[in-house]
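1. What follows is a predicted protein model with its sequence.
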Amino acid sequence: MRNTAWHARIECGREVGAGFLVSARHLLTCAHVVQASEMTGVTVSFPGRRDLGGITASVAVHGGWRGGAADPGDLAVLELDREVPQTPAAFAPPGAEHGSPELVAYGFPKGHDEGMLASYRALPGPLISDEWVQLEALTAHGQPLAAGFSGAAVARADGTVVGMVTAVAGARDVRVGRMLPVEVMARYWAELGELVPTEGHDTGTRRRLYTLVREAERAALPYRPDQLYVDAVGDFGPPLPPDGFDSLARAAAYVQLEVPDAQAVTRFADRLEALLRPAPPAAPRTPGTWSPIVVEIGHSGAGADQVTVEVFAYRDGHRRPVGAHRLPRGQVRTFVQQRIDEAFTQLAPDAEELVTFVLPREWLNEPVARWACSDDDPTPLGSAYPLVVADRARHRSGRLRHQLAKKWQRLDGEDGTAAHPVACDTPEHPPSLRKRLRDRDTGLAAYATAPDAAKEHFDAGLNAPVPVLLWPRAGCTGIRHPGPCEGGAFLAEVADSVAQVPPAQLPRHVLDLRETAEAADRPDRHWAYDVQLLWDDPRCFPEPAASRHSPVA
C-alpha cells in the first residue's frame, strides 16, 4: 500500500487501536477500542499526516457490541471535531477479499506508535456466525495481528478496503484473526453503503438510493422498511432477515450489499420515490385493489378443541403463505396476532389492506374485530384495519363464488348501499326470506340479532347469496317482544349510515364506525361498538382450484 495517509491511530485511555478515514470528519474503528470514550475521550492521529497533530473525536454511531469476544456489532463511527484535508479510504466490492492473494492491515502494536503492517489472506467459506471473515497469516515470520490492530482497515494491494480487523489471535504461535467484511459493517452503519461499489450499481444509482433514504427519514414517512424490502426483492429473492430492519437505511444497505439481484436497488428506490412524491389522486379504488390478509380457521379433525389456522397475504393477485398451524382454540389469538403482523411485510407499501377472517359458519360471531393488535398494542384489530369475516363453506364453494362475482358486477356501479332489514321478530319463513333476497338482488342484509339467535335466517342470507351481511354481535335475543328494541334501533342506524356508501367501500366505512365508537365516552353504548361485517367479494381472493379441492383435505 503506497498511500497510508487515511490510516489512523486511535487512543482512548489506555486502549490503543487503529481506524481509517471514510469522510472528511468520520472514521471507522472497533467499538471495543473506544469503550471508555465517555470517561477518557478519544484522540485520533494520522501517522501519514503528522502535520495534523492529535484531533479530538467522539463516538457518533455504535454498532451495539455488548462487551463479549463473540458479540456482534463491534463497530464504532468516530466524528472528528474538525474536518481533515485528506482523501478518505476507498472501498472494494463485497467479497473482493476472496479474490486477493494478499491483504494488508496497518496497526499499532506496542512499541510501534508509527505503525506496522501485517500480511494476511482471507480463508474461503461462509462467514463465521454470519459476522466475520477469518484471516490467516501468509507467513510464520511476519508481524502477527496483535493488540493495536483492532479497527485497522484490511486492504488489497491497490489500497481498496475489504473489511476491518476486529479480533486477533489469543496465543503467540497462532497467526489468525477476524475481520468484519464491508457488507457486514454496513449492517451497523448503513450510510457506508453509499461508499461501497456493488455490481450493477453505478455511483449515480447509489447516490439516488441514499438521497431518497435521507429524504424519507427527514419526512418521517409512515413506511415499513420490511415491506419495502419484500417489495424490492420480489417473490424469489432472499427472505426477510429474522429480525427484520429497524430503519430504512439498514434495509437499503442490505438490499444493495447482500441481495444478488442488481435490480432490487432500483425497485427499492422507485418505491421510495413513489411514497415521497405520490402521483395525483386516482379514481376511487375498485374491490379488486384491496390487498387482503386472510386468516382461515377450520376444524382440524383432531379433537373438538383443536383447530387449523392458515394465514395468507395477497399481492398482485397472488396468494403468499405466511404461516399455518394446528393448535388448541385458546392459542389461536396469539398465533393470529403474530402472523398478521408478519403478513404486512408481504404487502406493497401502498397496499390497501383488508384483514379477512374466514370462519366456520358457527363461528361467524367470534369477536375477532375486538382482538387486540398485539400484547403491546391493545387497539382492537377492527379499529386498526378494515376487518371483515367470511363464511368458510361459501368461501370454498365454486357455485356460490360464481354467483357472488356476478352480483358484484352490478354492485360496482352503485353509489350507495340499500340495506335489507331482517328484524329480530320477523315471522317470515327462511325459504321465503331467501327467495325475497334473490328476487331483489339484495346487496346488503342487515340483521337485528346475532347468528345464533336466528340461525336459519342467517343461512338464508348466506345461501342466497347476499354479498354483505351486517349485524350487532350482542344484539337482540331474537325472542318476540312488544315495543321497540335495540335491534330495531340498530337497523335504523345501519340504513342511514350506508345509504351513501358504495358497497366496495363498506370495509373502510365500518372501520370508521368502529373507531368512532371506540372514541366515544361510553363506547359500549354506541350502536356500532360491536358490529360484525361479513363482506365477500370473490374477486379479492383468487385461489388455485386445488386449494378448494385438496386430496388431503
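-> That came through, no problem.

2. use CA for all of it now, contacts and neighbours both
-> Will do.

3. can you confirm Asp71 is in a helix?
-> No - per DSSP: H, G, I helix; E, B strand; the rest coil, Asp71 lies outside any helix segment and is coil.

4. so what's the backbone phi/psi at Pro451?
-> Per-residue torsions, Pro451: phi -60, psi -40 (degrees, to the nearest 10).

5. wait, what's in contact with it?
-> With contact set as C-alpha atoms under 8 Å, 6 or more residues apart in numbering, Pro451 has these partners: Leu364, Asn365, Phe458.

6. Tell me which of these fall in helices.
-> Phe458 (DSSP state H).

7. now that we have the contacts of Pro451, which one has the most neighbours?
-> Within the contacts of Pro451, Phe458 tops the neighbour count with 24 neighbours, counted by other C-alpha atoms under 10 Å.

8. can you pull the pLDDT of the closest residue to that one other than its chain neighbours?
-> Closest residue to Phe458 apart from its sequence neighbours, by C-alpha to C-alpha, 6 or more residues apart in numbering: Pro451 at 6.0 Å. pLDDT recorded at Pro451 is 91.

9. repeat for Pro197
-> We have a pLDDT of 93 for Pro197.

10. Against Phe268, how distant is it?
-> Separation of Pro197 from Phe268 (C-alpha to C-alpha, to the nearest Å) stands at 17 Å.

11. Give me the more crowded residue out of the two.
-> Neighbours per residue, other C-alpha under 10 Å: of Pro197 and Phe268, the larger number sits with Phe268, 23 against 18.

12. which residue packs closest to that one, ignoring adjacent ones?
-> Counting by C-alpha to C-alpha, 6+ apart, Ala232 is the residue found nearest to Phe268 once chain neighbours are left out, at 4.9 Å.

13. The one you found and Ala262 touch, don't they?
-> No - using C-alpha atoms under 8 Å, Ala232 makes no contact with Ala262, being 10.3 Å away.

14. and those two? which has more neighbours close in?
-> Ala232 (24 against 17).

15. List the contacts of that one.
-> Residues in contact with Ala232 (C-alpha under 8 Å, 6+ apart) are Val255, Ala264, Val265, Thr266, Arg267, Phe268.

16. quick check, it in a helix?
-> Yes - assessed with three-state DSSP, Ala232 lies in a helix.

17. Give me the neighbour count for Gly413.
-> Neighbour tally, Gly413, other C-alpha under 10 Å: 11.

18. does it belong to a helix or a strand, and which?
-> Using DSSP states H and E, Gly413 falls within no helix or strand.

19. what about the spatially closest residue to Arg370 that is not a sequence neighbour, distance to Ala269?
-> Counting by C-alpha to C-alpha, 6+ apart, Arg370 lies nearest to Pro380, which is 4.8 Å off, once chain neighbours are set aside. Pro380 sits 34 Å away from Ala269 when distances are taken as C-alpha to C-alpha.

20. and what of Arg434?
-> 53 Å.

21. Measure how buried Arg214 is and give me the count.
-> So Arg214, with other C-alpha under 10 Å, has 14 neighbours.

22. just Pro538 next, same as before
-> 23.

23. Local confidence estimate at Val389?
-> pLDDT, Val389: 96.

24. which residues touch it?
-> Val389 sits next to Thr356, Phe357, Val358, Leu359, Leu364, Gln532, Leu533, Leu534, Trp535 when contact means C-alpha under 8 Å, 6+ apart.

25. roughly how far is the helix or strand in which it is found from the heart of the chain?
-> Assessed by DSSP H and E, Val389 sits inside strand 387-391. In this view, strand 387-391 has its centroid 24 Å away from the chain centroid, taken as C-alpha atoms, centre = their mean, to the nearest Å.

26. May I have it exported as CSV, CA atoms only?
-> C-alpha atoms of strand 387-391 as CSV (Å, rounded to 0.1, in the frame of the first residue of the first chain):
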residue,chain,number,x,y,z
LEU,A,387,-61.7,-6.1,9.0
VAL,A,388,-64.4,-8.4,7.7
VAL,A,389,-65.4,-12.0,8.2
ALA,A,390,-66.4,-14.6,5.6
ASP,A,391,-68.2,-17.9,5.7
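
27. Just checking, which helix or strand succeeds that strand along the chain?
-> Note on strand 387-391: by DSSP H and E, the next helix or strand toward the C-terminus is helix 392-395.

28. Counting neighbours, which bits of the helix or strand just after that following helix end up buried?
-> Sequence order places helix 398-411 as the next helix or strand after helix 392-395, per DSSP H and E. Residues of helix 398-411 classed as buried by neighbour count (16 or more other C-alpha atoms under 10 Å): Leu400, Arg401, Leu404, Ala405, Lys407, Trp408, Leu411.

29. got a pLDDT number for the fourth one?
-> At Ala405, the pLDDT value in this model is 91.

30. I figured it hits Arg539, correct?
-> Yes - with contact defined as C-alpha under 8 Å, Ala405 counts as touching Arg539 (6.7 Å).

31. follow-up on the earlier one: can I get the contacts of Pro451 in TSV including distance to Cys424 and pLDDT?
-> Output for the contacts of Pro451, formatted as TSV (distance: C-alpha to C-alpha, whole Å; pLDDT from 0 to 100):
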residue	distance to Cys424	pLDDT
Leu364	18	95
Asn365	16	94
Phe458	11	93
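
32. Grab the longest helix from this protein for me.
-> The longest helix of the chain (DSSP H) is helix 203-219.

33. do you know how far the residue minimising distance to the centre of the chain is from Gly19?
-> Centroid check for the chain by C-alpha atoms, centre = their mean gives Asp226 as the closest residue, at 2.8 Å. In this view, Asp226 and Gly19 are 32 Å apart by C-alpha to C-alpha.

34. What of Leu491?
-> Counting by C-alpha to C-alpha, the gap from Leu491 to Gly19 is 72 Å.

35. Show me which of those two is the more surrounded one.
-> Here Leu491 and Gly19 are compared on neighbour count by other C-alpha under 10 Å; more neighbours surround Gly19, at 30 against 26.

36. does the more buried one sit in a helix, a strand or a coil?
-> Each residue gets one of three states, and Gly19 gets strand by three-state DSSP.

37. Name the nearest residue to Val42, ignoring sequence neighbours.
-> Cys12 (4.8 Å).

38. The one you found touches Ser37, doesn't it?
-> Yes - if you go by C-alpha under 8 Å, Cys12 and Ser37 touch, sitting 6.1 Å apart.

39. end-to-end on stretch 240-254?
-> Terminal-residue distance, stretch 240-254 (C-alpha to C-alpha): 10 Å.

40. Averaged pLDDT, it. What do you get?
-> So the average pLDDT for stretch 240-254 ends up being 89.

41. Now that stretch: buried residues?
-> Buried residues in stretch 240-254 (16+ other C-alpha under 10 Å): Leu240, Phe245, Leu248, Ala249, Arg250, Ala251, Ala252, Ala253, Tyr254.

42. pLDDT score for the residue lying closest to Ala520 once chain neighbours are set aside?
-> Spatial nearest neighbour of Ala520, excluding adjacent residues (C-alpha to C-alpha, 6+ apart): His526 at 7.4 Å. Per-residue pLDDT puts His526 at 89.

43. Which neighbouring elements make contact with the strand or helix carrying Asp512?
-> Secondary structure from DSSP H and E places Asp512 in helix 506-519. Under the contact definition 3 or more C-alpha pairs under 8 Å, 6 or more residues apart in numbering; DSSP states H and E, helix 506-519 sits against helix 381-384, strand 387-391, strand 531-535.

44. With just CA atoms, put it into CSV.
-> C-alpha atoms of helix 506-519 as CSV (Å, rounded to 0.1, in the frame of the first residue of the first chain):
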residue,chain,number,x,y,z
LEU,A,506,-68.0,-0.8,3.2
PRO,A,507,-65.0,-2.3,4.9
ARG,A,508,-63.4,1.1,5.2
HIS,A,509,-66.7,2.7,6.3
VAL,A,510,-67.2,0.1,9.1
LEU,A,511,-63.6,0.8,10.2
ASP,A,512,-64.5,4.4,10.6
LEU,A,513,-67.6,3.5,12.6
ARG,A,514,-65.6,1.2,14.9
GLU,A,515,-63.1,4.0,15.5
THR,A,516,-65.9,6.4,16.2
ALA,A,517,-67.5,4.0,18.7
GLU,A,518,-64.1,3.3,20.4
ALA,A,519,-63.5,7.1,20.9
